[in-house]
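Peer 1: Here is the input, now give the coordinates:
(4 chains)
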Number of protein chains: 2
Amino acid sequence: MKEIKKDNTENKILEAAHQVFIEKGMDGTRMQEIANTAGINKALLHYYFRTKQKLFESIFAKVFEQVFPKIESLIKSDLPIEEKLGVFIDKYIDILLKNPFIPTFILKEINRDPEFLASVIKSQGINPRQIIEMFQKEMDAGNIRKMDPRELMVNLLGLSIFPFAAKPLMKLVFFENDKKAYNRFLENRKITVKEFILNSILLK
Amino acid sequence: MKEIKKDNTENKILEAAHQVFIEKGMDGTRMQEIANTAGINKALLHYYFRTKQKLFESIFAKVFEQVFPKIESLIKSDLPIEEKLGVFIDKYIDILLKNPFIPTFILKEINRDPEFLASVIKSQGINPRQIIEMFQKEMDAGNIRKMDPRELMVNLLGLSIFPFAAKPLMKLVFFENDKKAYNRFLENRKITVKEFILNSILLK
DNA sequence: GTCTATATGGCGATAGAC
DNA sequence: GTCTATCGCCATATAGAC
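Peer 2: Okay, here's the model as predicted:
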């Protein structure tokens, strides 16, 4: 089921825009740089997408989809909670490892236009009710410590995302700017975040 | 020991620049908007600070100081580790509650210019060695679970900062965009983050 | 569809009067 | 020190030839 990407102009633009926007953000990106990256000229960008804003929005929605991955099947599975969390953290941090610019990009842009953000969330049918309910059931069953399930959700996301979003700073302050060491650290988060969370919520 | 701020032009500029930069970031800020906010004209900005970049840098350094607060006295105190952590989390989240734009601002800008970031950190004498060593001692003494102290530091920062940095998104997804409810949630983090961390690291 | 050339507007920065 | 006016540039966007 490999995705077939045609090498036409529109796709070349989308790939180039993705690459530049995600690194520089909306404000920091120049249409000229997207054109150069795509190997075409500026005018074509407007021919296909009319405005920079529209091009940006089509990229943002696609990127956003990746950080709210479809996990319905995982939620509904009958794995014990510690394994569900383990699988989720594993997959989630893997996404971030493969797309290290996403966290900063998203955090930068969610403040720019709240209405647009709301429309993206709505159109993607994002609804955390299922996850919240699952956590609540586990708490009611006495499998994990009682707390506001939303706290757990925010903690889970924060522990996963923050080391990527704050990478330049954390790398500099705690790892003497050693890129490889910090990447090992990030890779290892799949294990340590799981430990940290399970140690906190599992009743012993 | 109240700080006396003179109502001269330079301070008016600094205050206005702080307000605009922290909300819009370097790329998103217009000199005109700073001038309007300060109640003066653009030319004066350049008279006092020559370039936008220089004005930005003087603001960034000052803001940055707030997120790496001086905690030497806390570290050296002979409080038990759970109280040290409690005091730190309390103070840190209080700073963020009073300056809710700081997390997004910092995360936005640390990617823009790594050399400038390094110079700020160096000039402010930021060095996490003391904290790392303190954690290490507590682990060696068997007071908290053994782990890489840097993991604990990053977790501490992530749990504190992320809910502020991702506010528009978390508020929308988990709190039906209810501003007051989300602010209560943030306020309450002083308690829940402490619980979450201590439950994870204290040996039971 | 793709290009070159250009319009249009906005922004950082400066000149120069007061 | 503070202002108005303006320069020079660069970015988005469009016109129009091919």
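
Peer 1: So which residue is smack in the middle of chain A?
Peer 2: Residue closest to the average C-alpha location in chain A (CA atoms, centre = their mean): residue A:67, at 3.0 Å.

Peer 1: For it, which residues are in contact?
Peer 2: For residue A:67, the contacting residues are A:95, A:102-103, A:106, by CB atoms under 8 Å, 6 or more residues apart in numbering or on different chains. For every residue, glycine as well, the C-beta is placed using N, CA and C.

Peer 1: So it versus DNA strand D, what's the distance?
Peer 2: 25 Å (CB to the nearest atom of the strand, to the nearest Å).

Peer 1: Over to residue A:118?
Peer 2: Going from residue A:118 to DNA strand D by CB to the nearest atom of the strand gives 22 Å.

Peer 1: in what helix or strand does that residue lie?
Peer 2: Per DSSP states H and E, residue A:118 falls inside helix A:114-123.

Peer 1: Ok, residue A:89 next?
Peer 2: Assigned by DSSP H and E, residue A:89 falls in helix A:81-98.

Peer 1: what's in contact with the helix or strand following that helix?
Peer 2: For helix A:81-98, the following helix or strand on the C-terminal side (DSSP H and E) is helix A:102-109. With CB under 8 Å, 6+ apart as the test, helix A:102-109 has contacts from A:21-23, A:25-26, A:60, A:63-64, A:66-67, A:95-96, A:117, A:161-162, A:164-165, A:167, B:25, B:104, B:107-108, B:111, B:165-166, B:169.

Peer 1: Narrow those residues to just the buried residues.
Peer 2: Neighbour-count burial (16 or more other CB atoms under 10 Å in any protein chain shown) applied to the contacts of helix A:102-109 gives A:21-22, A:25-26, A:60, A:63-64, A:67, A:96, A:117, A:161-162, A:164-165, A:167, B:25, B:104, B:107-108, B:111, B:165-166, B:169.

Peer 1: List the ones among these that fall in helices.
Peer 2: Counting by DSSP state H, the part of the buried ones among the contacts of helix A:102-109 found in helices is A:21-22, A:25-26, A:60, A:63-64, A:67, A:96, A:117, A:161-162, A:164-165, A:167, B:25, B:104, B:107-108, B:165, B:169.

Peer 1: Let's have the contacts of residue A:67 in TSV, adding pLDDT and distance to residue A:194.
Peer 2: Putting these into TSV (pLDDT from 0 to 100; distance: CB to CB, whole Å) gives the following:
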residue	pLDDT	distance to residue A:194
A:95	96	16
A:102	97	21
A:103	97	19
A:106	97	23
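
Peer 1: Filter the residues you listed down to the buried ones.
Peer 2: Buried, going by 16+ other CB under 10 Å: A:102-103, A:106, out of the contacts of residue A:67.
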